[in-house]
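Chemist: Any chance you could fold what I've pasted below:
(one chain, ligands or ions: 1)
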Amino acid sequence: MPFYRRVGEVPPKRHTQFRQPDGSLFAEELMGQEGFSSDSSLLYHRHRPTAITSAVPFEPPAWSRVPNHPLKPRHLQTGKLGGGPTGTVDPVLGRQHLLANDDVRISYVEATEPSPLYRNAVGDECLYVSAGAVTLESTFGALELVEGDYAIIPTSVIHRLVPKDGAVKLLTIEATGHIGPPRRYLSVRGQFLEHAPYCERDLRAPAAPILAEGYDISVLVQARRGWTEHVYANHPFDVVGWDGCLYPWAFSIHDFEPITGRVHQPPPVHQTFEGPNFVICSFVPRKVDYHPLAIPVPYNHHNVDSDEVLFYTGGNYEARRGSGIEQGSISLHPSGFTHGPQPGAVERAIGIEAFDELAVMVDTFRPLDLCEPALAIEDTGYAWTWNRTV
Ligand SMILES: [Fe+2]
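Modeler: Presented below is the predicted three-dimensional model:
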């Protein structure tokens, strides 16, 4: 994360004696990225964060993954997903994988139960809340998430997701590295620049530590070679304070300030985050192209190096009207296929002054495979919808 934050109690000097009321030392932990060469935070635990008493293999729900072959644009209807793969549907183990490659995995879950304590050691996670509310509890404190919020959870942060007031619907994007704001929007020291569509004031992060008591606490760890259940001697939520530039943070899509122009602006103006070999973009309600002869919907396009995933989460997506796309739909427009507005959309859009649409886009730079749950909810006629007039 680009800026320094300090929460709870920390000693005035790092790596010095910091004592608990009984005189014993707090256990200092550095969480840092890229081998001491990037962002980090120092956390002060009541107990040793290293004390585990058991490690056993864990088998999470898993699905087969098949290539997008024959190559087709796809329409996935998340409303047809039904329950998760486990008896209780929680926001981690209840995720139904939809699209994946070796860089990123995109899943969807409608969860009602708290997740286990969980640590993703493979990479950062980006959550998008499409409906409901959930509390992200972590060693850094609590973060309340509501409809429209993105949350970035750095690699290996031990956390738990607790749905509030019924079900929460989440799109989850699991990376194999770190997710952050686009570099072109940041100064050399990491401050958001004036042309960025959001800035520090729009971000939220934990404001107070969570102190939980407990012994023999299970934590599920997703690592590159598989999942393990670690049992910690003491509850990992025992941090009295932390400071640094690495922590979970949230940003509401409703705070994304759209960049518009006289003629149609390309998708990079919607970019919100970047990760290794993928980007995440936000399409938000906005005034559209105001040249007197402007065509407000996109031109047919073929971004030859990307598979493009769009999750339609609110409003009306004008360019897709007539295709069967609706709220909760996910489209995949792969490299090797030219896509564009539905027949009639260009003509209908002329003269429109504003779009009321809300969508999250993930563009990957390597092809996405289809996971088993995606095949079960595919609208198989979507590929042919450009070949008709609605
Ligand atoms: Fe596109």
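Chemist: In this structure, which residue is most central in space?
Modeler: The centre of the chain sits closest to residue 126, judged by Cα atoms, centre = their mean, with a distance of 1.9 Å.
Chemist: how would you label that residue: helix, strand or coil?
Modeler: Following DSSP: H, G, I helix; E, B strand; the rest coil, the label given to residue 126 is strand.
Chemist: what's across from it in the sheet?
Modeler: Residue 126 has these beta-bridge partners by DSSP bridges: residue 152, residue 173.
Chemist: Run a quick neighbour tally on residue 50.
Modeler: Using other Cβ atoms under 10 Å, residue 50 is surrounded by 10 other residues. Every C-beta, even on glycine, is put in place using the N, C-alpha and C of the backbone.
Chemist: Pull up the gap between it and residue 29, please.
Modeler: Going from residue 50 to residue 29 by Cβ to Cβ, to the nearest Å gives 8 Å.
Chemist: what's the closest non-adjacent residue to residue 332?
Modeler: Nearest non-adjacent residue to residue 332, counting by Cβ to Cβ, 6 or more residues apart in numbering: residue 74, 4.2 Å away.
Chemist: what's that neighbour sitting at in phi/psi?
Modeler: With angles defined as degrees, to the nearest 10, residue 74 sits at phi -130, psi 150.
Chemist: give the contact list for it.
Modeler: Listed by Cβ atoms under 8 Å, 6 or more residues apart in numbering, the contact set of residue 74 reads 68, 331, 332, 334, 370, 374, 378, 382, 383.
Chemist: can you count the residues close to residue 224?
Modeler: Residue 224 has 8 neighbours, counted by other Cβ under 10 Å.
Chemist: gap between it and residue 61?
Modeler: Look at residue 224 and residue 61: by Cβ to Cβ, they are 18 Å apart.
Chemist: tally of neighbours for the residue nearest to residue 210 when sequence neighbours are not counted?
Modeler: Spatial nearest neighbour of residue 210, chain neighbours left out: residue 237 (4.6 Å); criterion: Cβ to Cβ, 6+ apart. Using other Cβ under 10 Å, residue 237 has 24 neighbouring residues.
Chemist: try residue 25
Modeler: Neighbours of residue 25 using other Cβ under 10 Å come to 10.
Chemist: How about residue 341?
Modeler: Counted by other Cβ under 10 Å, the residues lying close to residue 341 total 23.
Chemist: Tell me the confidence at residue 155?
Modeler: The pLDDT attached to residue 155 in the predicted structure is 98.
Chemist: Give me the phi and psi angles of it.
Modeler: phi -50, psi 130.
Chemist: these two touch, right, it and residue 33?
Modeler: Yes: counting by Cβ atoms under 8 Å, residue 155 does reach residue 33; the two are 7.2 Å apart.
Chemist: Now do the SS call for residue 268.
Modeler: Following three-state DSSP, we place residue 268 in the helix state.
Chemist: ok, it to residue 198 distance?
Modeler: Residue 268 sits 15 Å away from residue 198, going by Cβ to Cβ.
Chemist: Could you dump the contacts of residue 74 into a markdown table and include distance to residue 148, neighbour count and secondary structure?
Modeler: As requested, these are exported to a markdown table (distance: Cβ to Cβ, whole Å; neighbours: other Cβ atoms under 10 Å; DSSP: H, G, I helix; E, B strand; the rest coil):
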| residue | distance to residue 148 | neighbour count | secondary structure |
| --- | --- | --- | --- |
| 68 | 30 | 20 | coil |
| 331 | 20 | 23 | strand |
| 332 | 23 | 26 | strand |
| 334 | 28 | 18 | coil |
| 370 | 28 | 23 | strand |
| 374 | 24 | 29 | helix |
| 378 | 27 | 20 | strand |
| 382 | 26 | 20 | helix |
| 383 | 31 | 16 | helix |
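Chemist: Where does pLDDT dip in the stretch 51-200 of the chain?
Modeler: For the stretch 51-200 of the chain, applying pLDDT under 70 flags the ranges 83-87.
Chemist: Could you rerun that using 90?
Modeler: Residues of the stretch 51-200 of the chain meeting the criterion pLDDT under 90: 62, 81-88, 165-166.
Chemist: what are the ranges of the strands in it?
Modeler: For the stretch 51-200 of the chain, applying DSSP state E, counting those that start in this stretch gives strands covering 52-58, 65-66, 74-77, 96-100, 104-111, 117-120, 125-138, 141-146, 149-153, 159-175.
Chemist: Among the ones you listed, which comes closest to residue 5?
Modeler: When the strands of the stretch 51-200 of the chain are compared by Cβ to Cβ, strand 141-146 sits nearest residue 5, at 10.4 Å.
Chemist: can you pull the buried residues of that closest one?
Modeler: Within strand 141-146, the residues that qualify as buried are 141, 142, 143, 145, counting by 16 or more other Cβ atoms under 10 Å.
Chemist: and which of the contacts of residue 74 is nearest residue 340?
Modeler: residue 331 (12.2 Å).
Chemist: And for residue 9, the neighbour number?
Modeler: 13.
Chemist: so how many other residues sit close to the nearest residue to residue 187 once chain neighbours are set aside?
Modeler: Of all residues not flanking residue 187 in the chain, residue 193 sits nearest, at 5.9 Å (Cβ to Cβ, 6+ apart). Other residues near residue 193 come to 10 when the count uses other Cβ under 10 Å.
Chemist: same question, residue 12
Modeler: If we define neighbours as other Cβ under 10 Å, then residue 12 has 6 of them.
Chemist: ditto for the one 10 residues further on
Modeler: Other residues near residue 22 come to 5 when the count uses other Cβ under 10 Å.
Chemist: and what of residue 40?
Modeler: Applying other Cβ under 10 Å, we find 15 residues neighbouring residue 40.
Chemist: Could you do residue 67 as well?
Modeler: Residues contacting residue 67 under the criterion other Cβ under 10 Å number 11.
Chemist: if I look at the closest residue in space to it that isn't next to it in sequence, how far off is residue 333?
Modeler: What sits nearest to residue 67 in space, not counting adjacent residues and going by Cβ to Cβ, 6+ apart, is residue 369, at 5.5 Å. For residue 369, the distance to residue 333 equals 15 Å [Cβ to Cβ].
Chemist: quick one, the host helix or strand of residue 312 and strand 96-100 angle?
Modeler: Element membership of residue 312 [criterion: DSSP states H and E] is strand 307-315. Taking axes from the mean of the first three to the mean of the last three Cα atoms, to 10 degrees, one finds strand 307-315 and strand 96-100 inclined to each other by 130 degrees.
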